[in-house]
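1. Structure here, sequence nowhere to be found:
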Ligand code: ADP
Ligand code: ZN
Ligand code: ZN
């Protein structure tokens, strides 16, 4: 027996505990916390993370196995990040091994070396002296190469990854390299990068920037209308922090759809190439390389989507969350964390400032600002003097589904197009029509696996369930009465496109939804066409409301405001208000005043009136008062136990029994239970879904209660077919 202690190891398995392993005899000192080890577990080899040591074996001594190998010479996660992930796993009641799994790049999970492997994608391309000596407009007969040369002249050394993001292909790069006009440069010799100078801030921006104190924790809510210059404040906030500590790093989180080449380019123009981008389009190797650049401090700025909140930072200085209200910051499965909420937690633990920015802040954030937990920084003026659009409410109660737009909207489209402008039609439903209905018996085509209707698609023609992906050919007759008279019911983007094409045959109609942007670069191509500025109609979903600015759009029509206003989800109105405000903010510019038409069957709805006449701020205030009265978030805290199985009986009885078992604990902790009740869509993908809601005024009390609840679940014997999960601060019901 050696005197080496046992190791406590976190493994990627859904069990809420650590596992004990002994050290191999050949190993004299125990590996540090944060080191990866290879172990065998239930007949499989797994990569685990050492979380600490223990003098006790945890189980029978002779059952403890030795670790098979120690992977890292030094820990891959520092104490800060490790304890932060630990905290998050605790808060979301997620097994630590699973949380770590989410936080680590794929290659590290697989046991790959945690080292930077310079590869093509990371080398920086730059002009050679010959390349720099070319005339202003170089290589007139090779436009692709010329474009690349001009880009490098303007941006300095650039990685292949960035060039790819900016739409360049490999061919011109190779040609220029062969001609000796460009070459790869050493990343540390970046002297001739000339940064774009910062803009002179307007008084509101200056006040926002003044509020930022480097080196101290404070949360700032940057509440500024679209185009008010929030991004400029982010950029200068980073400079301000780096002026105090030149090696300080900034972590910038953006919504999935907001990580556009334009956004990245804007940061690169200001800060040069020392930016690491983390998004889903990277290869595993690129992702690991960028992770290492962040961990070693070589990346000054890390821009990424949700999971980037877990990036190791050698010298953290500032965290920024752009469009903080965006739903994509909440992971909806497995480790159900909110990157927005965790950003504040991590900043606090690090003792650095955090900025949450949005034109339409979440009610939670506004509430925190009102309660004094966040500095409320407001930007009410548009930095680029773009006119605020006029909002018109248009009654749509007698509009036939085949056309969707009201007379008023139709006339407005005509007149905006006639003046050479672009029009945006927003409809959050793709496909041709939400369903096919039998003209004779009224039967609607249902998905066999879900409580949902099958969406009719024309292009290609088929029926499609948007919830479980079930697809089948379009039937020619009613399954119920065999009638052949099947008619499309309601309106999707394809049908809207068809109607608008028929009515405006001279005008290009561009549809932008998941179906038209599936292929690589399709969205970029559509965006390029839009940015050419020619008159056209854009019809699209959600994708149009985020991340992009449309300077030539002067009219935006939102087809169905009622879906959100009258939604069964208590967050429906908040989301609708955000959507309307975001769509309105993305249209128009200084010399082209915009109009927004909201089509509704409830024109007198008080919330709608408030939004239209007094703006998002007043609208959000009213919603907050409602939430206060009903004691819903942010005035109380929610958790959902979700359960599903192939028949309804299993989740129902699971939740019923669970409720009985935790009733006493709920009473002790002043937690209100509601349910079991069916989810908004009870049956989905052949599984019946039920939930039990727990609500408490105190976060701490809710947390303690949930600990009791999780123990009860884990101690119980449940049907094998049961799947359950716990969602803290759920964002969808
Ligand atoms: P937001 O992020 O709030 O939507 P941006 O930062 O993108 O706003 O700014 C909108 C536009 O206004 C951009 O074209 C930006 O260059 C310009 N802008 C921002 N701040 C200023 C300023 N202080 N002076 C002049 N132009 C500005
Ligand atoms: Zn029928
Ligand atoms: Zn389905």
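-> That came in fine, so what should we check first? Computed from a prediction, not measured in an experiment: that's the story for all the values here. Ligands and ions are numbered 1, 2, ... in the order given.
2. Quickly find the element holding residue 184.
-> Taking DSSP states H and E as the criterion, residue 184 maps to strand 182-185.
3. Which strands and helices lie in contact with that strand?
-> Strand 182-185 is packed against strand 124-127, helix 143-155, helix 170-178, with contacts defined by 3 or more CB pairs under 8 Å, 6 or more residues apart in numbering; DSSP states H and E. Every residue, glycine included, has its C-beta placed from N, CA and C.
4. For the closest residue in space to residue 127 that isn't next to it in sequence, give me its contacts.
-> Distances taken as CB to CB, 6 or more residues apart in numbering put residue 152 closest to residue 127, at 5.3 Å, once the chain neighbours are dropped. Counting by CB atoms under 8 Å, 6 or more residues apart in numbering, residue 152 makes contact with 125, 126, 127, 131, 158, 182.
5. How far off centre is the strand holding residue 184?
-> 35 Å (CA atoms, centre = their mean, to the nearest Å).
6. Partner strands of the strand of greatest length in the chain, with direction?
-> If you go by DSSP state E, the chain has its longest strand at strand 672-684. In the sheet, strand 672-684 lines up against strand 687-696 (antiparallel) (DSSP bridges).
7. and after the partner strand, which helix or strand comes next?
-> helix 699-715.
8. Pipe the helices and strands packed on strand 182-185 into CSV and attach mean pLDDT and distance to ligand 3 per row.
-> As requested, the helices and strands packed on strand 182-185 are exported to CSV (pLDDT from 0 to 100; distance: least, CB to the ion, whole Å):
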stretch, mean pLDDT, distance to ligand 3
strand 124-127, 82, 48
helix 143-155, 85, 45
helix 170-178, 89, 41
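9. Dump the ones you listed into CSV; add distance to residue 709 as well.
-> CSV is the format used below for the helices and strands packed on strand 182-185 (distance: least, CB to CB, whole Å):
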stretch, distance to residue 709
strand 124-127, 52
helix 143-155, 54
helix 170-178, 54
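10. For the contacts of residue 152, which single residue is the most surrounded?
-> residue 182 (26 neighbours; other CB atoms under 10 Å).
11. Now that residue: closest residue in space, sequence neighbours ignored.
-> Closest to residue 182 by CB to CB, 6+ apart is residue 176, at 4.5 Å.
12. Show the contacting residues for that neighbour.
-> 131, 145, 148, 149, 182.
13. contacting residues for the fourth one?
-> Put plainly, it is residue 149. Per CB under 8 Å, 6+ apart, neighbours of residue 149: 127, 131, 134, 138, 139, 176, 181, 182.
14. Do a quick rundown of the strands in the stretch 151-300 of the chain.
-> For the stretch 151-300 of the chain, the strands defined by DSSP state E, counting those that start in this stretch occupy 158-159, 182-185, 218-224, 249-253, 275-278.
15. other SSEs contacting the last one?
-> Using 3+ CB pairs under 8 Å, 6+ apart as the contact criterion, the elements in contact with strand 275-278 are helix 261-271, helix 284-295, strand 301-304.
16. State which helix of this protein is the longest.
-> As assigned by DSSP state H, the longest helix anywhere in the chain is helix 606-630.
17. and that helix, what does it pack onto?
-> helix 363-370, strand 390-395, helix 572-586, strand 595-600.
18. Quick one, which of those gets closest to ligand 3.
-> Within those, the stretch nearest ligand 3 is helix 572-586; the backing value is 22.0 Å (CB to the ion).
19. what residues does the closest one touch?
-> 225-227, 325, 327, 359-360, 362-363, 389, 391, 424, 426, 428, 544-546, 548-550, 553, 556, 558, 561, 563-567, 594, 596, 598, 607, 611, 615-616, 619-620, 623.
20. for that helix, which positions count as buried?
-> By neighbour count on 16 or more other CB atoms under 10 Å, the buried set for helix 572-586 is 573-586.
21. CSV please, covering the helices and strands packed on helix 606-630 and showing mean pLDDT and distance to residue 681.
-> Below are the helices and strands packed on helix 606-630 laid out as CSV (pLDDT from 0 to 100; distance: least, CB to CB, whole Å):
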stretch, mean pLDDT, distance to residue 681
helix 363-370, 96, 24
strand 390-395, 91, 30
helix 572-586, 89, 15
strand 595-600, 93, 24
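22. For the ones you listed, give me a markdown table that also has distance to ligand 1.
-> Output for the helices and strands packed on helix 606-630, formatted as a markdown table (distance: least, CB to the nearest ligand atom, whole Å):
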| stretch | distance to ligand 1 |
| --- | --- |
| helix 363-370 | 16 |
| strand 390-395 | 19 |
| helix 572-586 | 7 |
| strand 595-600 | 17 |
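23. wait, which of the ones you listed is closest to ligand 2?
-> Ligand 2 sits nearest to strand 595-600 of all the helices and strands packed on helix 606-630, at 30.5 Å, using CB to the ion.
24. Partner strands of that closest one and their direction?
-> If you go by DSSP bridges, strand 595-600 pairs up with strand 390-395 (parallel), strand 553-558 (parallel).
25. deepest of the ones you listed, which one?
-> Stretch with highest mean neighbour count among the strands paired with strand 595-600: strand 553-558 (a mean of 26; mean count of other CB atoms under 10 Å).
26. Just after that strand, pick out the following helix or strand.
-> Assignment by DSSP H and E places the next element after strand 553-558 at helix 562-565.
27. chain center to stretch 452-472: distance?
-> From the chain centre to the centre of stretch 452-472 is a distance of 25 Å (CA atoms, centre = their mean).
28. And stretch 726-733, how far out from the chain middle?
-> 16 Å.
29. which residues are in contact with that stretch?
-> Against stretch 726-733 from outside (CB under 8 Å, 6+ apart): 91-93, 327, 330, 332, 336, 338, 341, 568-571, 633, 637-642, 679-680, 691, 706, 709-710.
30. List phi and psi for the residue nearest in space to the middle of the chain.
-> Geometric centre of the chain, nearest residue: residue 328, 2.6 Å, by CA atoms, centre = their mean. Here the main-chain torsion angles of residue 328 (degrees, to the nearest 10) amount to phi -70, psi -10.
31. cool, and the one 5 residues further on?
-> Backbone torsions of residue 333, given as degrees, to the nearest 10, read phi -150, psi 160.
32. these two touch, right, residue 308 and residue 255?
-> No: using CB atoms under 8 Å, residue 308 makes no contact with residue 255, being 11.7 Å away.
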